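Participant: all I have is the shape, not the residue letters:
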């Protein structure tokens, strides 16, 4: 295993018993990981490998969960309950929430995690919010990054004037590294995914158009609609619906500011 080999290389100068203890911790963590996570070591794309290491670094810091008592829907407009309804209260599902903010306020995934035992990946570019998110020690993996609107890795200087592009960003200026959505899912072992929450205001269509849908299996998708000025969400819904129809998805609802899609063939 990659992680055990890495630990051994770092621990050669330490007491062998200490190295053995670390190996046991990693092994136990790995054994309790989802099956999809165990296959991640097979990725070959350099960007996916880089992301894998970033996610692993936080993955080893999971738990104990600090959200006791939050087994209720914290989402802004009942998004979590809609997911539970579509999947008939399925337990052990998977999610990716891009634009996770602090991991608690208006979270679309806390209910799924606490009430139904779901897990997955939280993606948040803002370093301050990400720090708050990791303090919660939710039973999920986390990534401090943004999603690239292209199929390339890039770095963005995020300023307050750009806050319309990423809803979770506020006043603080910072630099964010953005990765293609496909590489993020591949690195996390989540190319087969129950639900994706995409909160990256203004670039959703670019991300969706550039995603290789034939290489993934995503059952349900929430894309945020946050129109500029006096426009209503309806003005932006039609292009999204047409885009997703090309990839085999139907629009089943608009809830709050989210346009909701379900893969064709899934009953609702």
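Facilitator: Yes, it's here. If you're wondering where the values come from, they're calculated on a predicted model, not measured in any experiment. Residues are numbered from 1 along each chain as shown.

Participant: which neighbouring elements make contact with the helix or strand where residue 238 lies?
Facilitator: Assigned by DSSP states H and E, residue 238 falls within helix 234-246. Contacts defined by 3 or more C-beta pairs under 8 Å, 6 or more residues apart in numbering; DSSP states H and E place helix 234-246 against helix 204-210, strand 249-255, strand 258-263. Every residue, glycine included, has its C-beta placed from N, CA and C.

Participant: any chance you could map the helices in the stretch 51-200 of the chain?
Facilitator: Assigned by DSSP state H, counting those that start in this stretch, the stretch 51-200 of the chain shows helices spanning 79-86, 110-116, 127-136, 181-188.

Participant: for the longest one, which positions count as buried?
Facilitator: By neighbour count, and taking 16 or more other C-beta atoms under 10 Å as the criterion, the buried residues in helix 127-136 are 129, 130, 132, 133, 134, 136.

Participant: I'd like these as CSV, with pLDDT and distance to residue 82 appended.
Facilitator: Shown next, in CSV, are these (pLDDT from 0 to 100; distance: C-beta to C-beta, whole Å):
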residue, pLDDT, distance to residue 82
129, 86, 24
130, 88, 26
132, 86, 26
133, 85, 23
134, 84, 27
136, 81, 23
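
Participant: and of those residues, the nearest to residue 92?
Facilitator: Residue 92 lies nearest to residue 136 out of these, by C-beta to C-beta, at 20.5 Å.

Participant: report the separation between that closest one and residue 210.
Facilitator: As for residue 136, its distance to residue 210 is 31 Å (criterion: C-beta to C-beta, to the nearest Å).

Participant: may I have the phi/psi pair for the residue nearest to residue 203 when sequence neighbours are not counted?
Facilitator: In space, not counting the residues next to it along the chain, residue 203 is nearest to residue 149; the distance is 4.1 Å by C-beta to C-beta, 6 or more residues apart in numbering. Residue 149 adopts backbone torsions of phi -70, psi -10, taken as degrees, to the nearest 10.

Participant: my guess is residue 149 contacts residue 210, does it?
Facilitator: Yes: with contact defined as C-beta atoms under 8 Å, residue 149 counts as touching residue 210 (7.4 Å).

Participant: who has more neighbours, these two?
Facilitator: Higher neighbour count among residue 149 and residue 210: residue 149, with 22 against 16, using other C-beta atoms under 10 Å.

Participant: hang on, isn't residue 96 packed against residue 187?
Facilitator: No: using C-beta under 8 Å, residue 96 makes no contact with residue 187, being 11.2 Å away.

Participant: from memory residue 132 sits against residue 107, does it?
Facilitator: No: assessed by C-beta under 8 Å, residue 132 is found out of contact with residue 107, at 11.9 Å.

Participant: where does the stretch 1-150 of the chain dip in pLDDT?
Facilitator: Along the stretch 1-150 of the chain, the parts satisfying pLDDT under 70 run over 1-42, 57-71.

Participant: and with 90 instead?
Facilitator: Across the stretch 1-150 of the chain, the ranges flagged by pLDDT under 90 are 1-46, 53-74, 76, 99, 101-106, 114-115, 125-140, 149-150.

Participant: what segments of it are strands?
Facilitator: Secondary structure of the stretch 1-150 of the chain (DSSP state E, counting those that start in this stretch): strands located at 94-98, 119-123, 141-143, 146-147.

Participant: and the closest residue to residue 107 other than its chain neighbours, what does it touch?
Facilitator: In space, residue 107 comes closest to residue 74 once its chain neighbours are excluded; the distance is 4.9 Å by C-beta to C-beta, 6+ apart. Counting by C-beta atoms under 8 Å, 6 or more residues apart in numbering, residue 74 makes contact with 80, 104, 105, 106, 107, 110, 111.

Participant: repeat the analysis, applying 10 Å as the threshold.
Facilitator: Contact analysis of residue 74 by C-beta atoms under 10 Å, 6 or more residues apart in numbering lists 67, 80, 104, 105, 106, 107, 108, 109, 110, 111, 114.
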